[in-house]
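[1] okay, here's the prediction I keep looking at, along with the sequence it came from:
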Amino acid sequence: MEYLPQDPHILVSSINMLLRDEEYDSLESLCCAFGRDPQEIKQYLKDYGYVYSEAQKQMRPVGYDE
């Protein structure tokens, strides 16, 4: 993957795939590799109903764990 997608749903899928397949060990290392700010990504996806779960190492829908 050369860049992170702009579409929020494809971005979530891409992030989760890269973390799940152990390409990267954290959201921070993934964002660093693509030259993106982790806080910017988190805020962008939060606006679309996703939050990052440190415990699961994946983006999840808001309220999923409640």
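    Here it is on my side, so go on.
[2] tell me which element the most centrally placed residue in the chain falls in.
    Centroid check for the chain by Cα atoms, centre = their mean gives residue 15 as the closest residue, at 4.2 Å. Element membership of residue 15, judged by DSSP states H and E, is helix 8-20.
[3] by contact count, what packs against that helix?
    Packing partners of helix 8-20 (3 or more Cβ pairs under 8 Å, 6 or more residues apart in numbering; DSSP states H and E): helix 27-33, helix 38-46, strand 58-61. For every residue, glycine as well, the C-beta is placed using N, CA and C.
[4] name the nearest residue to the residue nearest to the centre of the chain, ignoring sequence neighbours.
    For residue 15, ignoring the flanking residues on the chain, the nearest one in space by Cβ to Cβ, 6 or more residues apart in numbering is residue 59 at 5.5 Å.
[5] kindly report the same for residue 16.
    residue 58 (4.7 Å).
[6] residues in contact with residue 59?
    12, 15, 16, 45, 50, 51, 52, 53 (Cβ atoms under 8 Å, 6 or more residues apart in numbering).
[7] likewise residue 58?
    The contact partners of residue 58, by Cβ under 8 Å, 6+ apart, come to 15, 16, 19, 20, 52.
[8] show me what the last one is bridged to.
    Applying DSSP bridges to residue 52 gives these bridge partners: residue 59.
[9] okay, now the unreliable bits of this protein?
    Where the chain drops to pLDDT under 70, the residues are 65-66.
[10] quick one on the thing from earlier: now the helix holding residue 15 and helix 38-46, what's the angle there?
    Interaxial angle, helix 8-20 versus helix 38-46 (axes from the mean of the first three to the mean of the last three Cα atoms, to 10 degrees): 130 degrees.
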